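Chemist: Need coordinates for the below:
(chains A and B)
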Amino acid sequence: MFRFELLATDGLARRGELHTPHGVIQTPAFMPVGTRGAVKAVTPRDLLDLDAEIILGNTYHLHLRPGDDLIARAGGLHAFIGWDRPILTDSGGYQVFSLAAMRRITEEGAEFRSHLDGSLHRLSPESATDIQAQLGSDIAMVLDECVASTAEVQGVREAMLLSARWARRARERLLQLRESGADGVSVTNPGQAQFGIIQGGIHPDLRAESVQRTVEIGFEAYAIGGLSVGEPADVMYSVVGQTTPRLPHDRPRYLMGTGMPDDLIECVARGIDMFDCVLPTRNARNGQLLTSRGPLVIKNARYAEDRTPPDPACGCYTCRHFSRAYLRHLYIAGEMTAATLNSIHNLYFYLDTMRRIREAIVFGTFERLRQEFHQTFSRRPQQ
RNA sequence: UGGGGGGUCGCCAAGCUGGUAAGGCGCCUGACUGUUACUCAGGUCACACGCAGGUUCGAAUCCUGCCCCCCCAG
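Modeler: As a prediction, this is how the structure comes out:
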């Protein structure tokens, strides 16, 4: 059911197709994040119009609310949220990191204080796997421990080793579920794939060891976690560049949580096939539009009477119909349509960039696209 | 006309047993990378406290007069 087909390469960049129970994903791919079963501010119809081929959901968040049991009874996450294309569920590993103040880590797993009501919850490699089986996503992630890239080497090493031990348990659990199921666990998507996660911070030797320990377990694909968490961009590129050559050539590589548009190009250039990031949607809600020339802060006063579209080069619904002046007004006035229109634009920009990347790889012009992109795109806000 | 209350930054609002003007909102920037539509960080922000005098070393704070606003009663 799950299958990855490598269609073409251009340098280290790869063009492929990922087959899942709910359809095919063209890679390199960007996956919009829909933590709680919804990509914030947009409708599934918008996502279809944008031609998003896969979205994310989050194990931790959906487990707390509305609960994976409820979702399983509803027929699984796809049925529950009205989205019949592929879904990837993150394991909650990132919440181990982002909710650091509210959790405790042991060999067994992670204990969380719910950010909703303070109640205590446990997430183990096994339960994170069970929860995702009930959600019925097409791709499940193993539970891992993500640490800050600036953490002490020893701590990074321990987290990497723990993540590897957890990965083995998660895999064993999944195989067990595939064999015979388990009491109280509904497997709502028998064709679900499971990705392992490479950790090791910014240390090449730890990354190498993590790859070895994770790959020997055997997963449908491998993700690189623990990046874009504070380290400079060039350090991140370097770690990616040192890690992908060690990963199986015939399996997808998924860089978790990244990034800015130029990050995507640079990491495709280093052999990454899949990305997800909250940046386009979160920043849209905070008034930052990402354009071919760089970030545009739509809330700035300078756009108060600017009747041009956010990005004249963009073909999205927002840019075809609305002016910077109007979008600024919506943002300043606190209209929720601002979040919607901005999110549509940013997602279009990301997805369209991926389309152009895919096309360039096929035509063998990826390097030229990469250079042109850097020539026009600047991380500094522009007008 | 009588009685009561009040006039401090664009708005709201501390201070008013005198000692040399809080804060909030707004506005302007920025941050945001496996997401609480959250939030955070800077900046701007009254040689000035309705007006005019007086007392005092010193007054938004005390005194006098005037102007204006609100409420109640006519």
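Chemist: where along the stretch 201-350 of chain A do the strands fall?
Modeler: For the stretch 201-350 of chain A, applying DSSP state E, counting those that start in this stretch gives strands covering A:221-224, A:253-255, A:274-276, A:288-291, A:294-297.
Chemist: out of these, nearest to A:G75?
Modeler: strand A:274-276 (24.5 Å; C-beta to C-beta). Every C-beta, even on glycine, is put in place using the N, C-alpha and C of the backbone.
Chemist: What strands line up against that closest one, and which way round?
Modeler: strand A:29-31 (parallel), strand A:253-255 (parallel) (DSSP bridges).
Chemist: which of these is buried the deepest?
Modeler: strand A:253-255 (a mean of 27; mean count of other C-beta atoms under 10 Å).
Chemist: who's in contact with the residue nearest the centre of chain A?
Modeler: In chain A, the C-alpha nearest the mean C-alpha coordinate belongs to A:D276, at 2.2 Å (C-alpha atoms, centre = their mean). By C-beta atoms under 8 Å, 6 or more residues apart in numbering, A:D276 lies in contact with A:F30, A:M31, A:P32, A:V33, A:L56, A:L88, A:D90, A:Y254, A:M256, A:G257.
Chemist: Likewise for A:G34?
Modeler: Contacts for A:G34 were tallied using C-beta under 8 Å, 6+ apart; they are A:K40, A:I55, A:L56, A:G57, A:I81.
Chemist: do that again at 7 Å, thanks
Modeler: Counting by C-beta atoms under 7 Å, 6 or more residues apart in numbering, A:G34 touches A:I55, A:L56, A:G57.
Chemist: same thing with A:E359?
Modeler: No contacts exist for A:E359 under C-beta under 7 Å, 6+ apart.
Chemist: before we move on, which element is it in?
Modeler: According to DSSP states H and E, A:E359 maps onto helix A:336-363.
Chemist: Confidence-wise, which helix or strand of chain A is lowest on average?
Modeler: The weakest-scoring helix or strand in chain A, judged by mean pLDDT, DSSP states H and E, is helix A:93-98 (a mean of 86).
Chemist: ok, and what's touching that one?
Modeler: A:60, A:103, A:105, A:110, A:112, A:141, A:143-147, A:197, A:225, A:257.
Chemist: if you set the cut-off to 8 Å instead, what comes out?
Modeler: Applying C-beta under 8 Å, 6+ apart, the set of residues contacting helix A:93-98 is A:58, A:60-61, A:103, A:105, A:110, A:112, A:123, A:128, A:141-148, A:163, A:197, A:225, A:229, A:256-257.
Chemist: Does RNA strand B have contacts with it?
Modeler: Yes: using C-beta under 7 Å from any atom of the strand, we find that helix A:93-98 touches RNA strand B at A:G93, A:Y94, A:Q95, A:F97, A:S98.
Chemist: Go through the residues you listed and give me the one with the most neighbours.
Modeler: A:G93 (28 neighbours; other C-beta atoms under 10 Å).
Chemist: which SS class is the closest residue to it other than its chain neighbours?
Modeler: Take A:G93 and drop its neighbours on the chain: the residue closest to it by C-beta to C-beta, 6 or more residues apart in numbering is A:D144, 4.0 Å away. What DSSP: H, G, I helix; E, B strand; the rest coil gives for A:D144 is coil.
Chemist: Who are the contact partners of A:D144?
Modeler: A:S91, A:G93, A:V96, A:S163, A:W166, A:A167, A:I197, A:Q199, A:G225.
Chemist: if you set the cut-off to 10 Å instead, what comes out?
Modeler: A:90-94, A:96-97, A:125, A:128, A:159-160, A:162-164, A:166-167, A:170, A:196-199, A:210, A:214, A:223, A:225-226, A:256 (C-beta atoms under 10 Å, 6 or more residues apart in numbering).
Chemist: For it, give me phi and psi.
Modeler: Backbone torsions for A:D144, taken as degrees, to the nearest 10, come to phi -140, psi 170.
Chemist: rewinding a little: do you know which of the strands paired with strand A:274-276 lies nearest A:V240?
Modeler: strand A:253-255 (6.4 Å).
Chemist: Touching the closest one from outside, list them.
Modeler: With contact meaning C-beta under 10 Å, 6+ apart, strand A:253-255 is reached by A:14, A:18, A:27-29, A:31, A:88, A:139, A:141, A:195, A:197-198, A:221-225, A:227-228, A:236, A:239-240, A:243-244, A:247, A:263-264, A:267-268, A:270-277.
Chemist: so how far is that strand off the chain centroid?
Modeler: Put simply, strand A:253-255 sits 9 Å off its chain's centre (C-alpha atoms, centre = their mean, to the nearest Å).
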